[in-house]
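Student: mind looking at a prediction? Sequence and model below.
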Amino acid sequence: MENPLTKEIAASMTGEVRIPDGYTKIDTQAFCWRDDVTGVIIPPSVKTIDSQAFLRCANLVSITISEGVTNIAADTFCLCLYLKRFIVVKDNPEYCDIEGVLFSKDKTTLVRYPIGNERKKYSVPDGTISIAEMGFSNCQHIQKIKLPSSVKKIGKHAFRECKELQSINLPDGIKRIEEETFWKCIALRDINIPESVTTIGVYAFRGCKLENLVIPDNVTNIGHNAFYGCTFELIHIPAAVAEIGCCAIGSKNLREITVNSDNRNYCDIDGVLFTKDRQTLHTYPSGKEQVDYVIPDTVTVVETAAFRDCKALENVVFPDGVTRIGGAAFCYCINLKEVTLPASLEVIDGCGFYSCDNLSNVKFNNSLERIGHSAFYFCKSLKSVTLPDSLVAIEDRAFQGCDMLESVTIPVNVKSLDPTAFKICERLESVTVHPDNPYFRDIDGVIFSKDGTVLHSFPYDRAADYVIPDGVKHIGDCAFRYSHLKTISMPDGVMTIGEAAFCDSKLPEIITIPDSVVAIEYGAFWGSKIKNITIPASVVSIGDDAFDNKGEGFTIHGAAGSAAERYAIENDIAFEKITDNDAK
């Protein structure tokens, strides 16, 4: 029968912990974030140590593993920054220790290196065949690792965030460099990838400082973000490569990409990577110093992150025929100034032009149907946009943070408009809706549903005394989010206040909810800093985190036994009972 040592039971165990015999496993996160545990002796009854059982035990120095333990999760000792040694009793059938390092019993797998060990150099013993998942992850001090020729497999995250690691050899025979194997090894500037490797996994070398890179001829797959953030200037794609993920070769200094002419899937044109049919522009080198670029006429798709971080680029010319601009395609192109989108374009995916600081003018043509989430987020120089009649959907935060934007007209065919699409636009005081739009209307610059029953979105920069019009039944999700309101008056008839409706808004200190309201949704007034709110007995539902004013003199006023009182009690908020006379 299973008898787990839970987090609640472990809470009373401190210092040099000798876990009592009888427990069969150490539960998930049983000792996580425990600064008061310095050592642990695990009894013979324990068979399993679960995921993150000792996560971030900052002062844990040693672990003694008894003969009963047969299963240890890969992330059990993650971020135990002072862990210097593992001790395994000789009778354990699954594990052993070699100089304080945890191995499988047959010594073919290095299971876990103690990340607080102060050795600068370490040679993995001959005969080791595999480095387990997270085997060296987060090692604090190690600078050089020597792997024997016997190593044929390295697990996911094996050397992740070994921030002092400067040198490591990869033996011939390894076929895969797995996900995040060397992620954020920020001191690693050079590595020799053996010819045996066929796959380089996602994020494999992301954040390393590799100055030179040779992709072996047998590589067929390079996962997304595999080399993102490296510093090499040139890269050659061998003939065998069949798939390259987005941002896979995103070195910040990359100036030129070349492709073997026998590659059946990719080609290069003037140092830019394309699919073989030249219909998809895959990667434009972010370190290329060219100011103007004309996309070839054959291109129909600009791939995800294709131009990301291209700091020198100021102007891009699109050919007719481009139908999609992929996610983050021009993200952080901080000197891009003007863009004329082609008449063929149908979709701008999420973050397409995210944080293009100097983008002041975008010309849309009448084919665009969808602007994705955060597509023009923080384009701080964008002064005006004329959205085309073809547009159907404007997703969340599409133009959020466009500080210079003063006015917007929602076109006739838009039927999906996220209420956050134009939030935090510091000069935007009103939004106009095309009068023939069948889904939305504007009243004095505020967006409503066509029938006027839903208040959809209030403009960010209007500092106003605002009276919600009669006929409104629902204040929509995020409708007033981030708004600047001097006063707000809600008419009788309003029934629901949507999720995050007034979240992070500037509101008066006293708010009265009308008697018609039955529901206040999740996060409705979170971050609004109101001091007093009167909630009528008609409200039967108040969502989680509707208010966050704990300990700040915040008081809820309401009827005894009401949802308001229950919410106040459950969330430790001051509550003041009101009578019918008070309400009047």
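Tutor: Thanks, I have it.

Student: and the protein, what are its domains?
Tutor: Taking automatic domain parsing as the reference, the chain has its domains at 1-117, 463-584.

Student: just the terminal-to-terminal distance for the first one.
Tutor: I take that to be domain 1-117. Across domain 1-117, the terminal residues are separated by 37 Å (CA to CA, to the nearest Å).

Student: do stretch 447-456 as well
Tutor: 5 Å.

Student: now that stretch: buried residues?
Tutor: Across stretch 447-456, burial judged by 16 or more other CB atoms under 10 Å covers Ile447, Phe448, Ser449, Val454, Leu455, His456. All C-beta spots, glycine's among them, are computed from the backbone N, C-alpha and C.

Student: pLDDT on it, on average?
Tutor: The average pLDDT for stretch 447-456 rounds to 98.

Student: so what touches it?
Tutor: 410, 417, 419, 431, 433, 437-443, 446, 457-458, 468-469, 471-476, 479 (CB atoms under 8 Å, 6 or more residues apart in numbering).

Student: any of those residues buried? List them.
Tutor: Those of the contacts of stretch 447-456 that meet the buried threshold are 410, 417, 419, 431, 433, 437, 439-442, 446, 457-458, 468, 472-476, 479, by 16+ other CB under 10 Å.

Student: quick one: which of these sit in strands?
Tutor: Among these, DSSP state E puts Ile410, Leu417, Val431, Val433, Phe440, Arg441, Asp442, Val446, Ser457, His474, Ile475 in strands.

Student: turn those into JSON lines, including distance to Gly493.
Tutor: Conversion of these to JSON lines gives the following (distance: CB to CB, whole Å):
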{"residue": "Ile410", "distance to Gly493": "25"}
{"residue": "Leu417", "distance to Gly493": "23"}
{"residue": "Val431", "distance to Gly493": "23"}
{"residue": "Val433", "distance to Gly493": "22"}
{"residue": "Phe440", "distance to Gly493": "20"}
{"residue": "Arg441", "distance to Gly493": "18"}
{"residue": "Asp442", "distance to Gly493": "20"}
{"residue": "Val446", "distance to Gly493": "17"}
{"residue": "Ser457", "distance to Gly493": "19"}
{"residue": "His474", "distance to Gly493": "10"}
{"residue": "Ile475", "distance to Gly493": "11"}
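
Student: and the least confident of those residues?
Tutor: The lowest pLDDT within those belongs to Val431, with 91.

Student: quick revisit: turn the domains of the chain into a markdown table, including distance to Ile334.
Tutor: Output for these, formatted as a markdown table (distance: least, CB to CB, whole Å):
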| stretch | distance to Ile334 |
| --- | --- |
| domain 1-117 | 34 |
| domain 463-584 | 24 |
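
Student: contacts for the longest helix seen in the chain?
Tutor: Assignment by DSSP state H gives helix 563-570 as the longest helix of the chain. With contact meaning CB under 8 Å, 6+ apart, helix 563-570 is reached by 535, 537, 539-542, 546, 556-559, 573-575, 577.

Student: of those residues, grab the buried ones for ChimeraX.
Tutor: To isolate the buried members of the contacts of helix 563-570 in ChimeraX, using 16+ other CB under 10 Å:
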select :535,537,539,542,546,556,557,558,559,573,575
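
Student: restricted to strands, list the contacts of helix 563-570.
Tutor: Ser541, Ile542, Ile556, His557, Gly558, Ala574, Phe575, Lys577.

Student: closest to Lys7 out of the residues you listed?
Tutor: Nearest to Lys7 among those: Ile542, at 29.8 Å, using CB to CB.

Student: least confident secondary structure element in this protein?
Tutor: Least confident element among the helices and strands of the chain, by mean pLDDT, DSSP states H and E: helix 580-583 (a mean of 56).

Student: I'd like to know how many residues surround Tyr567.
Tutor: 22 (other CB atoms under 10 Å).

Student: buried set for stretch 479-489?
Tutor: By 16+ other CB under 10 Å, the buried positions in stretch 479-489 come out as Ala479, Phe480, Arg481, Tyr482, Ser483, Leu485, Ile488.

Student: for it, measure first residue to last.
Tutor: End-to-end for stretch 479-489, by CA to CA: 14 Å.

Student: mean confidence for it?
Tutor: For stretch 479-489, the per-residue pLDDT averages 92.

Student: now it: how far from the chain's centre is it?
Tutor: 29 Å (CA atoms, centre = their mean, to the nearest Å).

Student: and Glu118, that's in a strand?
Tutor: No: using DSSP: H, G, I helix; E, B strand; the rest coil, the assignment for Glu118 is coil, not a strand.

Student: okay, now the unreliable bits of the stretch 101-250 of the chain?
Tutor: By pLDDT under 70, the stretch 101-250 of the chain has no low-scoring segment.

Student: mind checking how far the residue nearest to Gly229 when sequence neighbours are not counted is from Gly250?
Tutor: Closest residue to Gly229 apart from its sequence neighbours, by CB to CB, 6 or more residues apart in numbering: Gly207 at 4.7 Å. Per CB to CB, to the nearest Å, Gly207 is found 11 Å from Gly250.

Student: what's the answer for Pro319, then?
Tutor: Counting by CB to CB, the gap from Pro319 to Gly250 is 24 Å.

Student: please say which of the two ends up with more neighbours.
Tutor: Applying other CB under 10 Å to Pro319 and Gly250 shows that Gly250 carries more neighbours, namely 21 against 14.

Student: does that one belong to a helix, a strand or coil?
Tutor: coil.

Student: got the contact list for it?
Tutor: Contacts for Gly250 were tallied using CB under 8 Å, 6+ apart; they are Asn225, Phe227, Tyr228, Gly229, Cys230, Thr283, Ser286, Ala305, Arg308, Asp309.

Student: so which of those residues are in strands?
Tutor: Thr283.

Student: Serialize the contacts of Gly250 to a markdown table and add fields for neighbour count and distance to Glu179.
Tutor: Formatted as a markdown table, those follow (neighbours: other CB atoms under 10 Å; distance: CB to CB, whole Å):
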| residue | neighbour count | distance to Glu179 |
| --- | --- | --- |
| Asn225 | 24 | 10 |
| Phe227 | 26 | 14 |
| Tyr228 | 26 | 13 |
| Gly229 | 20 | 16 |
| Cys230 | 24 | 17 |
| Thr283 | 25 | 20 |
| Ser286 | 24 | 23 |
| Ala305 | 27 | 18 |
| Arg308 | 23 | 21 |
| Asp309 | 22 | 22 |
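
Student: pLDDT score for Ser407?
Tutor: On the pLDDT scale, Ser407 gets 86.

Student: am I right that it is in contact with Asp442?
Tutor: No: using CB atoms under 8 Å as the test, Ser407 is too far from Asp442 to be in contact (11.3 Å).

Student: any shared contact partners between those two?
Tutor: With CB under 8 Å, 6+ apart, Ser407 and Asp442 have common neighbours Ser430, Val431, Thr432.

Student: what's the distance between the second one and Thr258?
Tutor: What that stands for is Val431. In this view, Val431 and Thr258 are 48 Å apart by CB to CB.
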